[in-house]
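In: sequence plus the predicted model coming up.
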There are 2 protein chains.
Amino acid sequence: MSLASYQTARQALITEDRSLRLDSQSQYLDALGPTESVQKADGIIRKIRATEAESVWSKETERIPHIFPGMEFLTAKETIQSTELFKWVRKLPKGALLHAHMDATCDAEFLLRTASEEPQMHVRASVQINRETVGSTMPEFQAMPIDFQASPYRSVTNPDYEGGAWITINSARDNFSPELGGAEGFDDWVLAAMRIDPEEAYVKYNTSKKIWTKFGSTFVVARGLLEFEPVLRKYVRQFLLTSIEDGISYVEMRTNFFNKTVIRSDGSDNFSSAERVRLIGEVIEEVRGEMNSQGRGDEFVGAKIINITIRFISSEELEWYLDDCFSLKQQFPDLIAGFDLVGQEDTGVPLLEYLPKLLEFQNRCQEAGLSIPFIFHAGETLGDGDRVDNNLYDAILLGTRRIGHGFSLVKHPHLMKLCRERKIAIEVCPISNEILRLTSSMPAHPLPIMLNHGLTVALSSDDPAVFGNLGLSFDYFQVLVSSEVTGLTTLGVLARESLLISELEDKQKEKAVAKWDRRWQAFLKEIIQTFES
Amino acid sequence: MSLASYQTARQALITEDRSLRLDSQSQYLDALGPTESVQKADGIIRKIRATEAESVWSKETERIPHIFPGMEFLTAKETIQSTELFKWVRKLPKGALLHAHMDATCDAEFLLRTASEEPQMHVRASVQINRETVGSTMPEFQAMPIDFQASPYRSVTNPDYEGGAWITINSARDNFSPELGGAEGFDDWVLAAMRIDPEEAYVKYNTSKKIWTKFGSTFVVARGLLEFEPVLRKYVRQFLLTSIEDGISYVEMRTNFFNKTVIRSDGSDNFSSAERVRLIGEVIEEVRGEMNSQGRGDEFVGAKIINITIRFISSEELEWYLDDCFSLKQQFPDLIAGFDLVGQEDTGVPLLEYLPKLLEFQNRCQEAGLSIPFIFHAGETLGDGDRVDNNLYDAILLGTRRIGHGFSLVKHPHLMKLCRERKIAIEVCPISNEILRLTSSMPAHPLPIMLNHGLTVALSSDDPAVFGNLGLSFDYFQVLVSSEVTGLTTLGVLARESLLISELEDKQKEKAVAKWDRRWQAFLKEIIQTFES
C-alpha cells in the first residue's frame, strides 16, 4: 500500500469509528450554528486546554504529588478553579441539570448559615463532644415548636452535657469549646459531617462500597436542617439561583418525600408532600419572575420534580410513595416529571423485586391518562451480570425515559443499541462516580466509551453539596480535560441535547432551546472576540 | 404487562444482550464437550467463588483494610494463594500464553540464584551502598571474560568501595554489610530492583505514567543478569517448565534483540540474535523431549518467538531490527512468529511515524513469500483520541494479527466490530494493567466490556517476573472473581481459543487443541468427582 492511500484509508477508518458520536453527525452540528465560528471557538478552547495540560497539570507540588488532567476532584478542585479553561467552562450555557438530588444541591455552609438564622433550629449529639468524640460523633438537627424549651446546657461541648439534649444552634455554636476551635470549630464539626473530604474518599473509605457509609450519613445530618419550611424555601431558591449563575437554565430535581415529616414555620408538623411541592412551585415562579424582570429571561426556563424514594423500603411501603406520586401528579401536573428509586444500588433492593408494584402503577397511570414516566437510577455499580448490574434490564423493560448513572451500561451491547434507538439518555455524574470510587479518576471513566458509541449523555452533578461540585462547571471541566476527542463542540451538543431529552413539554422545549441557542451564539462570539483582539 | 410475559421478555433481553459473548455461542460451547459436565463443573466453581466472596474477600484485616474480590494484586497475592478457588484455577489447562516478555517471565529470585552460580557474573553500583544509598541505587550486573580481574573490594558496601568497580556476585553477596542485612540484605536489594512492590504501585508511583519509571528500571537490572549465554539457557528452560506446571501448553514469547550484546559462555561477545534464537529452539526441543519421555506429551506442544524492539528508536534503527527479523525468519521459519514494537506507549513513538518502514517491510516479506505478521502492542493507554490511543487504527490498518493489551479498544465501536469480524484477538493482561495503573482494580477493568461485546481475548501475564503473577493462574483468578457472567465455562472457551488464535500452523493447532480437549475433560471430571464424593 502506498503512503497516500494508507492515509486516505486511515482517515476513513477514524471517521467511521467516530460516526456514532453525536458531535460527528450533521443534525447535531448544524444546530450549533455557523460551522466556522463553532470550529474557531472549539480550536481556541483546545489550545487553552493543551497549554494548561503542561503549565498546570504537569506541575507537581508537595500537596499534589500525582497531578494530571482529570485527576481526583477533591484534591484538584482549587487547581481547577485557578485555570483559564475553567473560567470559560463557567460561562458556557449548560442547558438542563437533569440529575441532582434536591437535598444535596446547595453548599453545606449555606445550609448551616441559613438554618442558624432560625431560632427554632436545634442541635444535639449523642454524647458530650470533646477531643475524643468530635471526629466520630455527628450532630443532629431539628426544628422545634415555638414554645420548645431548649436544654439548659449552652453547648454540646459542656462537660456536663447530657447526650441527646437539644440546644439552639446559635447557643451551641457561640459556646462551642474554645479548645475545639470555638464557633469556627462548631462549623468545622458540622460541615465535615455534611461533606466528603479527600482523606475519606481516597484513603479511609477508598472502595465503592465503603464510601457510601460516609456518603449516606451526610444526608442524615443535612436532613435535620432542611426539614423546616423556611429553610427549605431558601434552600430551593438558592439551588435555582446558583444553578442559573453557573449557566444552567432548567433543572429536574430528584426530591425525596421519604422524610414524611417536615416542620411548618409555626413549628407544627406535618408539612405534607403536597405542601412541599407547592412551596417548590412557588419558588420556581418567584425566580422566574425575578429573572424576567431583570431582562434575564433567557437564563431560566423553569424546573420540575422527579419524585423519588429509597430502594431499601418494602414493596408495601413503595405503594405509599407511588400513591403519593400519583396524587401529586394530579395536583401538580406541570411540576411532577417522573418517578425514581434511589440510594446505594449495590446493597439495595433490585428493581425486579418491586416489579409487581411498578407494573401496577404503570397500568393505573395509563388508565387514568396520567403520564408519570420512570426515570430510574440503574447500573451505578462495578458489577458485571450480578443482580445490581441487572437493574439495567429492568429499567429499560419498564420504559425508563433516561438512566441515572448507567455506569455499567457499557458492558451491555444490546442495551446500548436500544438506548441509541429509543433515545434513552444516560445521566452521567462524572465527579460523583469518581468520589464514590466507581472510577479512580476521569481518564478511567467509561464516559468516552458511551460518547463514542453514540449514546446521548446528560452530564450531571448528583449531590454537589456533598462533593463540592456545585453547578455543572466542574463536571463539564473534568470531562473536557480527559479526552482529546471531546471539545467545546461536544459540550455544546450535550448542553443543547440536555434540554431536548428533558421532561419539558414540546412547546416549552422549543422555547428553552431557542433561548439556549441565543446564549450559545453569544458565548462563541465572546470567546472569538477575546482571542482575536 | 403481566408478570409472566415480563419475565419472558426479560430473559429474551438478557439472552440477546449476551449473544455476542463467545461463551454464549453454541460453536464454542459444543467444543467444550458434554454440556452436562461443563455445567456441573461450572456450577461447582461458582459455588466455591460465592462462598469465598464471603469467607475470604469480605474479611478485613489490619494489613488489608479494603478487601474485595479482584482487589489490587500485589496486596492480595497471599490471600489469593490461600483460596480453594485458586487451587482449581491452577489445575485448569490454560492453552497458550500469547503475551509475555521473555526477559520478565521467571521469578526474580530464580534469576539471581542462577546467575550467582556463574563465577563470571559481576555486580557493581554507581556509589558505595549504605543506609542512605541502598534505597535509591540500583545494582548493575554483567558477565565478564574468563580472565577478568574483579576489583579488590569485597563488596559494594565496603566503606572504601569506589562507585563503578566490578565485584563477583558471590563476593558482593557474602560480604554485604551486616548492617544492611548481610547476604539476605543483598538479595533484598537486588530483588527490590527487579520487582514492583505494593507501596510503589499504590502510593509512590500511583499513576499510569509514573509507575513506568520503576517498571522500566527493573528490566535494566535483569538484563545484566540475563545477557549471558548459560543464564539465558537456564532462564528459558525455567520459563517453559514453570509455564507447563501452571497448565500452559504453548507460549509465544516476545523476545527483545534490542540488547545487541549478549555474552557467550566463554566470555566473548557477541552472541548474536541468530545464536539466541537457536538457543531458544534447542531449549524448546529439549523440554518437549523430556515431556514426551515422561508421558506428559499432552502438556506441552511448543513455543515460538515474537521478535520485538522498543518504540523509542528512530526509523533508521527500526530498519536494522526489521532486517534482523527478516533474516531470522529465513533461518528459523518455525520459531519466528511475528514482529512487534513494545515499551511505554504513552511516551513512545506512535506507529504512524514508523509507517514507511513498516509498509516497506510488509512489501518485502510479500515479495519473498515470507509470512511475518505484525502482532502489535496498541491501546495500552487511558487516552481517548490522542496519538497513543490512535495506535489502534494503525495496528489494525497494518493487519495486526492480534492486539497487545488493547486497553482503550472499548472506546472504538467500529474497531471492535472489525476485531470481531476479522477475529483479531486482544491479548489482555489484567494484572499488568492494574499494577501499571490503567485500572485501580479488576472490577474497574474493561475486560467485561470486551467479552460482552464478543471480542476474542487471550488472557496474558505480560511481565510476571516484575509483577509476581507467574504462570496464568493469577490472571485467570482475578478475572474469574470479578464478574458474575464469567465462569469456568468462559475460562475454558478462552483457554481453548488461545491455541486457535496462536501462530501455530494449522496442523500443529489441531494437535494442540486435541491435547487440550483431553486435559479439559479430565479436569472437569476431577472437579465433579471431588465434589460428588
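Out: Cool, got the structure.

In: A:Arg124: how many residues sit nearby?
Out: 21 (other Cβ atoms under 10 Å in any protein chain shown). C-betas here are computed from N, CA, C, even on glycine.

In: what ranges does the stretch 351-500 of chain A have for its strands?
Out: Shown for the stretch 351-500 of chain A, the strands assigned by DSSP state E, counting those that start in this stretch span residues A:377-378, A:402-405, A:425-428, A:457-459.

In: where does the residue of the stretch 201-350 of chain A found nearest chain B land on pLDDT?
Out: Residue nearest to chain B within the stretch 201-350 of chain A: A:Thr207 (4.9 Å; Cβ to the nearest Cβ). pLDDT for A:Thr207: 94.

In: count the residues that sit near it.
Out: Neighbour tally, A:Thr207, other Cβ under 10 Å: 18.

In: got the CA positions of stretch A:108-125 in PDB?
Out: Provided in PDB are the C-alpha atoms of stretch A:108-125 (Å, rounded to 0.1, in the frame of the first residue of the first chain):
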ATOM      1  CA  ALA A 108     -23.300  22.900  53.100                       C
ATOM      2  CA  GLU A 109     -22.100  26.200  54.500                       C
ATOM      3  CA  PHE A 110     -25.100  28.000  53.100                       C
ATOM      4  CA  LEU A 111     -27.400  25.400  54.600                       C
ATOM      5  CA  LEU A 112     -25.900  25.700  58.100                       C
ATOM      6  CA  ARG A 113     -25.900  29.600  57.900                       C
ATOM      7  CA  THR A 114     -29.500  29.700  56.700                       C
ATOM      8  CA  ALA A 115     -30.700  27.300  59.400                       C
ATOM      9  CA  SER A 116     -28.800  29.100  62.100                       C
ATOM     10  CA  GLU A 117     -30.900  32.200  61.300                       C
ATOM     11  CA  GLU A 118     -33.900  30.300  62.600                       C
ATOM     12  CA  PRO A 119     -34.300  30.400  66.400                       C
ATOM     13  CA  GLN A 120     -36.300  27.300  66.300                       C
ATOM     14  CA  MET A 121     -33.500  25.200  64.900                       C
ATOM     15  CA  HIS A 122     -31.800  23.000  67.500                       C
ATOM     16  CA  VAL A 123     -28.900  20.700  67.600                       C
ATOM     17  CA  ARG A 124     -27.800  17.700  69.700                       C
ATOM     18  CA  ALA A 125     -25.200  15.000  69.900                       C
END
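
In: how far out from the middle of the chain is that stretch?
Out: The chain centre lies 23 Å from the centre of stretch A:108-125; the measure is Cα atoms, centre = their mean, to the nearest Å.

In: what mean pLDDT does that stretch get?
Out: 96.

In: do the same with stretch A:47-59
Out: Rounded mean pLDDT across stretch A:47-59 is 98.

In: identify the residues contacting it?
Out: Residues outside stretch A:47-59 that contact it (Cβ atoms under 8 Å, 6 or more residues apart in numbering or on different chains) are A:67-69, A:71, A:79, A:82-85, A:88, A:480-481.

In: how about the residues of the stretch 151-300 of chain A near chain B?
Out: Within the stretch 151-300 of chain A, the positions adjacent to chain B are A:206-207, A:209-210 by Cβ under 8 Å from any Cβ of the partner chain.

In: could you redo the last one with a cut-off of 6 Å?
Out: Remark: the part of the stretch 151-300 of chain A in contact with chain B comprises A:206-207, using Cβ under 6 Å from any Cβ of the partner chain.

In: can you lay out the strands of the stretch 351-500 of chain A as a markdown table showing mean pLDDT?
Out: Output for these, formatted as a markdown table (pLDDT from 0 to 100):
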| stretch | mean pLDDT |
| --- | --- |
| strand A:377-378 | 98 |
| strand A:402-405 | 98 |
| strand A:425-428 | 98 |
| strand A:457-459 | 98 |
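
In: adding distance to B:Lys59 and mean neighbour count, write the ones you listed out as CSV.
Out: Converted to CSV, these look like this (distance: least, Cβ to Cβ, whole Å; neighbours: other Cβ atoms under 10 Å in any protein chain shown):
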stretch, distance to B:Lys59, mean neighbour count
strand A:377-378, 30, 28
strand A:402-405, 29, 28
strand A:425-428, 34, 26
strand A:457-459, 38, 25
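
In: B:Ala165 is nearest to which of those?
Out: Minimum separation from B:Ala165 across the strands of the stretch 351-500 of chain A (Cβ to Cβ) falls at strand A:425-428, 59.4 Å.

In: how about A:Arg288, what does it touch?
Out: Counting by Cβ atoms under 6 Å, 6 or more residues apart in numbering or on different chains, A:Arg288 makes contact with A:Phe300.

In: if we use 10 Å, what do you get?
Out: Listed by Cβ atoms under 10 Å, 6 or more residues apart in numbering or on different chains, the contact set of A:Arg288 reads A:240, A:297, A:300-303.

In: in helices only, show me the residues you listed.
Out: A:Leu240 (DSSP state H).

In: export the contacts of A:Arg288 to TSV and tack on neighbour count?
Out: Output for the contacts of A:Arg288, formatted as TSV (neighbours: other Cβ atoms under 10 Å in any protein chain shown):
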residue	neighbour count
A:Leu240	26
A:Gly297	14
A:Phe300	23
A:Val301	24
A:Gly302	21
A:Ala303	26
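
In: strands - which of the contacts of A:Arg288 land there?
Out: Residues of the contacts of A:Arg288 located in strands (DSSP state E): A:302-303.

In: next one: phi and psi at the nearest residue to A:Gly454 once chain neighbours are set aside?
Out: Distances taken as Cβ to Cβ, 6 or more residues apart in numbering or on different chains put A:Leu20 closest to A:Gly454, at 3.0 Å, once the chain neighbours are dropped. Main-chain dihedrals, A:Leu20, degrees, to the nearest 10: phi -80, psi -20.

In: please apply the same query to the one 5 residues further on.
Out: For A:Gln25, the backbone dihedrals are phi -100, psi 140 (criterion: degrees, to the nearest 10).

In: let me know how buried it is, in neighbour terms.
Out: 14.

In: residues contacting it?
Out: Contacts of A:Gln25 (Cβ under 10 Å, 6+ apart): A:18-19, A:454, A:493.

In: so what's A:Ala303 up against?
Out: A:96-97, A:102, A:236, A:239-240, A:243, A:248-253, A:280-281, A:283-284, A:287-288, A:335, A:337.

In: oops, could you answer that again for A:Asp30 instead?
Out: Neighbours of A:Asp30 in contact, by Cβ under 10 Å, 6+ apart: A:Val38.

In: now do the one 5 residues further on
Out: Listed by Cβ under 10 Å, 6+ apart, the contact set of A:Thr35 reads A:26, A:29, A:489.

In: any chance of the strands of the stretch 351-500 of chain A in a markdown table, plus distance to B:Gln344?
Out: Formatted as a markdown table, the strands of the stretch 351-500 of chain A follow (distance: least, Cβ to Cβ, whole Å):
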| stretch | distance to B:Gln344 |
| --- | --- |
| strand A:377-378 | 38 |
| strand A:402-405 | 33 |
| strand A:425-428 | 30 |
| strand A:457-459 | 31 |
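
In: now the ones you listed in TSV, with distance to chain B?
Out: Formatted as TSV, the strands of the stretch 351-500 of chain A follow (distance: least, Cβ to the nearest Cβ, whole Å):
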stretch	distance to chain B
strand A:377-378	13
strand A:402-405	15
strand A:425-428	14
strand A:457-459	14
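
In: run the contact check for stretch A:128-144 versus chain B.
Out: No - taking Cβ under 10 Å from any Cβ of the partner chain as the criterion, stretch A:128-144 and chain B are apart, separated by no less than 16.8 Å.

In: take that stretch, keep the C-alpha atoms, and write them as PDB.
Out: The C-alpha coordinates for stretch A:128-144 follow below in PDB (Å, rounded to 0.1, in the frame of the first residue of the first chain):
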ATOM      1  CA  GLN A 128     -20.700  15.200  75.000                       C
ATOM      2  CA  ILE A 129     -18.400  16.500  72.200                       C
ATOM      3  CA  ASN A 130     -14.700  16.600  73.100                       C
ATOM      4  CA  ARG A 131     -11.400  15.800  71.500                       C
ATOM      5  CA  GLU A 132     -12.200  12.100  71.600                       C
ATOM      6  CA  THR A 133     -15.700  12.300  70.300                       C
ATOM      7  CA  VAL A 134     -15.600  15.200  67.800                       C
ATOM      8  CA  GLY A 135     -14.300  13.100  64.900                       C
ATOM      9  CA  SER A 136     -16.700  10.300  65.300                       C
ATOM     10  CA  THR A 137     -20.000  11.900  66.500                       C
ATOM     11  CA  MET A 138     -22.300  13.500  64.100                       C
ATOM     12  CA  PRO A 139     -24.500  16.500  65.000                       C
ATOM     13  CA  GLU A 140     -28.300  16.000  64.800                       C
ATOM     14  CA  PHE A 141     -30.600  18.900  63.900                       C
ATOM     15  CA  GLN A 142     -34.300  19.500  64.300                       C
ATOM     16  CA  ALA A 143     -36.700  22.500  64.200                       C
ATOM     17  CA  MET A 144     -38.700  22.600  67.400                       C
END
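
In: cool, thanks, signing off.
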